[in-house]
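Trainee: this one's sequence-less:
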C-alpha cells in the first residue's frame, strides 16, 4: 500500500471506479468475448447454418454473467435485455466478427497489439462486474456472505460457468468436464476477487472499495495481457494453490503444475477456452472459415 | 387488407380475439400435443414403466410454453398449475391417449379428418399465446423489445425449445441437435409471429391487435392443416429465408431447401418431431403398442 | 388410530412437531447426505482434484431440497445460503468426511449402529421438510393442490431429483436414467407423503398436522432403519404399487418386484444411490480411497 499511496491511488481509484463502462469498455468486452466464441470449434459452421443459435450463443458470451446472476438471485434472467443499446452494440459486434466481408473486422481485432488493448479493457469490466455483483447481493442479504461470494463469482466468470449448456446450444456436449472441475485463470481470479470484495463489503478488509477495484483491475489486466501476449495458460496462483490444496485437501503436490494440468486432462476442451495458445486457436478459426 | 376489409374482418377479429379458449380450444391443444408425445419413440414404454415420468412429460407438452415463459420472466415456473381444471383436463387426455382400452381414444383422435380439425384449433391457441406473451412482457418492460420477442417466441414454441430436457426425463439424450439449431415450421412461425406482435405493440405495424391475431391464426391454421394433410415437412418460408440468409449470413443457397434440410441432418430426430410424415409416425406408434 | 390414542399421540405429536431441527437433526441430515455423496463412484477423486466442485456437490446434497423448492416457487435459489451457521456446519461435515486424517470421521459415522441412528434422525428432517414445503405452497396458492404436492415432493426428495445435474458437476453423465424414471424408496415415500400432507392441508384427511408428521416420521424412520440394517433395496409399497399400476396403467404385474426391477435396468446407477446394499458401497468407497 506504500507505493500505491505515493501514486495517490485513492483519488485515481475513486475516479476510476466511477468511470462509465458504456460504450468503450463494454465494446471491448463484447469484441473479446465474441472473438473467443469464434475460436470455439464448430462455431463458424453454426453461424452459417443457424444464425439464431449463433446469435444466442454470442449473447450468452456477452451477457452470460448478468443472466446467471439474475438466475442465482431469482430475478427475470433476461432482465438485462431491456438495455436495447447494449444488445444492439453486441449484435453489431457479432455480425461484424462472423459475417464481415473478407473477414476484415475479425482480422483487425485479432491482430495482437489491438487484441492486447481489448483484453486489458475487458478485465476492467470484469472487476467492476464482480464488485457490482457482491454489492447487489449485499444489498439483498446483509449477512449472506456465501451469497455475496457466489454472486460476485458468477458475475466475474460469466458464460464459462454455463459452458456445458452454451455448447449444447451449438450441438456440442462434453459432460466429462466443466469450468468448476477445471477452473481457468479468469474463473479462479473471479472467485478470489469475489472473496476479497465480500471481505471488503463486510469491513474485514481495511481498504476502500474503489482502491480494491483499482488494484484488482490492474492485477487482472496485467496478468491477462501477459498471458495473451505469451500464449501462456499458466496461472500466477499455481504455486500457492498447489501448497494450500496439498495441506488442506491432500491433493497431490504439483510443483510443475503448468505442464501437469494439461497432461492430466488431455481431452478437456472447456478448460482451454480462454487459455489455449492463441496461435493454435487462430489456425483453427482460419481453417473453419 | 382489401379482401379482408370486404369480409368485415375488423368485427370478426375483435369477436374472435375475445373468444374463450377453455375448454374447447385448450382441449384440442392438449389432445394434439399429447398425440405428438405418443409419436415419440419410447414414450409408450415410459408410460408403462413410469407413469409419473409419462405424466410429467405430458404436462410439459401441454404447459411447456407457460413454464418456459415463467422461467424467462423470473416467475414461479409452475404458477400455471394452480388452474386445477386445466391440469385435470390435460391429465384426462393423457390417460385416455395412453391407457384407453383397445387404444380407442388414440385411434379416434389420430383419424385424419378429426386430427385436421384439432390441429387447426391448436393453432388458434398458439396465436393467442404469442400475443398474450408479447403483451405480458410489454407490460413489464415497456421498451424491452428483445424481451417481448423472446417471451412471445417461447410462448408460441412451448416444449419444442426444451425438447432436450423433456427427452432427458424419458431417458433419451440427443445433444447433437436442438430446436434452435434446426427450427421446425411452428417454431419459426412463432418467432416471426412474436416479431410481428412486438412491432404491433410498439405501434410500428399499422394494424389492430385483433386483426393481427386473426390473420396470423388463419395463416398458421391453414399452413399446419395443409402440412398435416399432405404429410409434408416443407416450410412456406423456405424460399425467402434461403435468400435472406444467403445475403445476410452467407449461408449456402438452397433452392431445393425441402429435400436439402433432411439430407444435411440425417440424424436429427428433434427436427422431425412436428414434421415427420404422419404415416411413418403412426406406424412407429402402432409398433410401440 | 386406536393404539396411537392410547399412546397419547396427540400431545407427543404437538411437542414433536415443534422441536427445533437445528443443530442435532440437521447435523445428522448433513452427515448421512454427505456419506451418500462419498459412496458415489469418483467423488473421492473429485474431492482431491477440485475441492470447489466437491464442496458444491456436498451443498447440493445437503440443501438440494431448498434449492429445488426455491426454483419451483420462483424465489432466489440460493436463498437458504444466508443461514451462515447451517452452511458452516455442513461445510465442516464435508471437510471431516472427505479430508479427516486416517479417514477417522468417515469410519465413525459409517459404523452401522451409529449410522442407523443418523439415518433415523435424517428421516425426521425429511418429514418436517415435506410438511413445511406443502404448507409454504398452500400459503402462496390456496387451491393449488398440484403445486402443493410438487413442492412437498421436491422438499422431500432433494438432490435425488436433480441427480443428473449433480453428477454433471462431477463430470459424470448418465442420461439413460433419472430419479423420476426409476424412483427409489425415499423419493416414492416423499411423493406419497406430499399427497397426504396436501390432503391434510385441504382438510380432506381427518387428522391434525402434528399427528400426521409424527406417524409419517415413524413410518419413514422405521422403514429406512430396517432397509439400511438389512442392506435391502425393496420397498414396502411394491405389492400395492404393482397391483395399482397394473390396473390403472397396464404395467406388467411384477409379483417378485424386488428382483425384477434391477434385472430390467441393469445399467441404472442412479436408482441404486440410496438403495445399493451398504456392503457393496463401503467396499467401493474404500477402494476409491
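Mentor: Structure received. Because the structure is predicted, anything quoted here is derived from the model rather than measured. Numbering: from 1, shown residues only, chains lettered A, B, ... in the order given.

Trainee: Which residues are in contact with the residue nearest to residue A:220 when sequence neighbours are not counted?
Mentor: Excluding its sequence neighbours, the residue lying closest to residue A:220 (CB to CB, 6 or more residues apart in numbering or on different chains) is residue A:123, at 4.0 Å. Any C-beta I mention is one placed from the backbone N, CA and C, and that applies to glycine too. Going by CB atoms under 8 Å, 6 or more residues apart in numbering or on different chains, residue A:123 touches A:217, A:220, A:221, A:224.

Trainee: can I get the residues you listed in JSON lines with secondary structure, pLDDT and neighbour count?
Mentor: What follows is these, written out as JSON lines (DSSP: H, G, I helix; E, B strand; the rest coil; pLDDT from 0 to 100; neighbours: other CB atoms under 10 Å in any protein chain shown):
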{"residue": "A:217", "secondary structure": "helix", "pLDDT": "95", "neighbour count": "23"}
{"residue": "A:220", "secondary structure": "helix", "pLDDT": "96", "neighbour count": "24"}
{"residue": "A:221", "secondary structure": "helix", "pLDDT": "96", "neighbour count": "19"}
{"residue": "A:224", "secondary structure": "helix", "pLDDT": "95", "neighbour count": "21"}
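
Trainee: how close does the residue nearest to residue A:220 sit to residue C:158?
Mentor: 39 Å (CB to CB, to the nearest Å).

Trainee: now swap in residue A:60 and tell me
Mentor: Distance from residue A:60 to residue C:158, by CB to CB: 29 Å.

Trainee: higher neighbour count, these two?
Mentor: When residue A:60 and residue C:158 are compared for neighbours, residue C:158 comes out ahead with 26 against 21, by other CB atoms under 10 Å in any protein chain shown.

Trainee: Can you tell me the SS state at the more buried one?
Mentor: Of the three states, residue C:158 takes helix under DSSP: H, G, I helix; E, B strand; the rest coil.

Trainee: pretty sure it is touching residue C:64, no?
Mentor: Yes - using CB atoms under 8 Å, residue C:158 is in contact with residue C:64, at 4.3 Å.

Trainee: Would you confirm that residue A:106 contacts residue A:99?
Mentor: No - contact criterion CB under 8 Å: residue A:106 and residue A:99 do not qualify, at 9.9 Å.

Trainee: More neighbours: which of those two?
Mentor: residue A:106 (22 against 18).

Trainee: how close does the more buried one sit to residue A:95?
Mentor: 11 Å.

Trainee: surely residue A:194 meets residue A:134?
Mentor: Yes - between residue A:194 and residue A:134 a contact is recorded at 6.1 Å, counting by CB under 8 Å.

Trainee: Spell out which residues are contacts of both of these two.
Mentor: In contact with both residue A:194 and residue A:134: A:148, A:149, A:151, A:152, A:155, using CB under 8 Å, 6+ apart.

Trainee: how near is the fourth one to residue A:65?
Mentor: Distance, residue A:152 to residue A:65, using CB to CB: 10 Å.

Trainee: shared neighbours of these two, anything?
Mentor: Common neighbours of residue A:152 and residue A:65 (CB under 8 Å, 6+ apart) are residue A:133.

Trainee: now residue A:168, nearest residue through space, not along the chain?
Mentor: Spatial nearest neighbour of residue A:168, excluding adjacent residues (CB to CB, 6+ apart): residue B:175 at 5.7 Å.

Trainee: Now do that neighbour against residue A:236, distance only.
Mentor: 35 Å.

Trainee: And these two? Which one has more around it.
Mentor: Remark: of residue B:175 and residue A:236, residue B:175 carries more neighbours, 19 against 15, as counted by other CB under 10 Å.

Trainee: Helix, strand, or coil at that one?
Mentor: Strictly by three-state DSSP, residue B:175 counts as coil.

Trainee: pretty sure it is touching residue A:171, no?
Mentor: Yes - using CB under 8 Å, residue B:175 is in contact with residue A:171, at 6.8 Å.

Trainee: what's the burial count for residue A:86?
Mentor: 20.

Trainee: which element is it on?
Mentor: Secondary-structure element containing residue A:86, defined by DSSP states H and E: helix A:84-99.

Trainee: Tell me which residues are up against that helix.
Mentor: Residues contacting helix A:84-99 (CB under 8 Å, 6+ apart): A:22-23, A:26-27, A:30-31, A:34-35, A:38, A:44, A:47, A:54-55, A:58-59, A:62-63, A:80-81, A:105-106, A:109, B:143-146, B:248-250.

Trainee: buried sites along that helix?
Mentor: If you call a residue buried by 16 or more other CB atoms under 10 Å in any protein chain shown, then helix A:84-99 has these buried ones: A:86, A:87, A:89, A:90, A:91, A:93, A:94, A:95, A:96, A:97, A:98, A:99.

Trainee: for stretch A:242-253, same thing?
Mentor: For stretch A:242-253, by 16+ other CB under 10 Å, it's A:242, A:245, A:249, A:251.

Trainee: Which residues of the stretch 51-200 of chain A lie near chain C?
Mentor: By CB under 8 Å from any CB of the partner chain, the residues of the stretch 51-200 of chain A that approach chain C are A:71-74, A:140-141, A:143-147, A:150, A:164, A:175-178, A:180-183, A:191.

Trainee: Okay, now the unreliable bits of chain A?
Mentor: A:1-9, A:254-289 (pLDDT under 70).

Trainee: State the next helix or strand along the chain beyond the helix or strand that contains residue A:227.
Mentor: Secondary structure assignment for residue A:227, by DSSP H and E: helix A:209-229. Next along the chain after helix A:209-229, taking DSSP H and E as the criterion, comes helix A:238-249.

Trainee: Which elements pack onto that next one?
Mentor: In this structure, helix A:238-249 packs against helix A:257-264, helix C:51-72, helix C:84-99, with contacts taken as 3 or more CB pairs under 8 Å, 6 or more residues apart in numbering or on different chains; DSSP states H and E.

Trainee: What's the end-to-end length of stretch A:14-32?
Mentor: 26 Å (CA to CA, to the nearest Å).

Trainee: Which residues does it contact?
Mentor: A:62, A:85-86, A:89-90, A:93-94, A:97, A:109, A:115, A:117-119, A:121-122, A:124-126, A:128, A:131, A:208-210, A:213-214, A:217.

Trainee: again, 6 Å this time
Mentor: Here stretch A:14-32 makes contact (CB atoms under 6 Å, 6 or more residues apart in numbering or on different chains) with A:62, A:90, A:93, A:109, A:118-119, A:121-122, A:124-125, A:210, A:213-214.

Trainee: So which residues on the stretch 51-200 of chain A come close to chain B?
Mentor: A:51-53, A:75-76, A:78, A:81-82, A:87, A:99, A:168, A:171, A:173 (CB under 6 Å from any CB of the partner chain).

Trainee: Could you dump the residues you listed into CSV with distance to residue A:17 added?
Mentor: Shown next, in CSV, are these (distance: CB to CB, whole Å):
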residue, distance to residue A:17
A:51, 38
A:52, 38
A:53, 37
A:75, 24
A:76, 27
A:78, 28
A:81, 26
A:82, 25
A:87, 25
A:99, 37
A:168, 37
A:171, 41
A:173, 41
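
Trainee: And these, which of them are buried?
Mentor: A:51-53, A:75-76, A:78, A:81-82, A:87, A:99, A:168, A:171, A:173.
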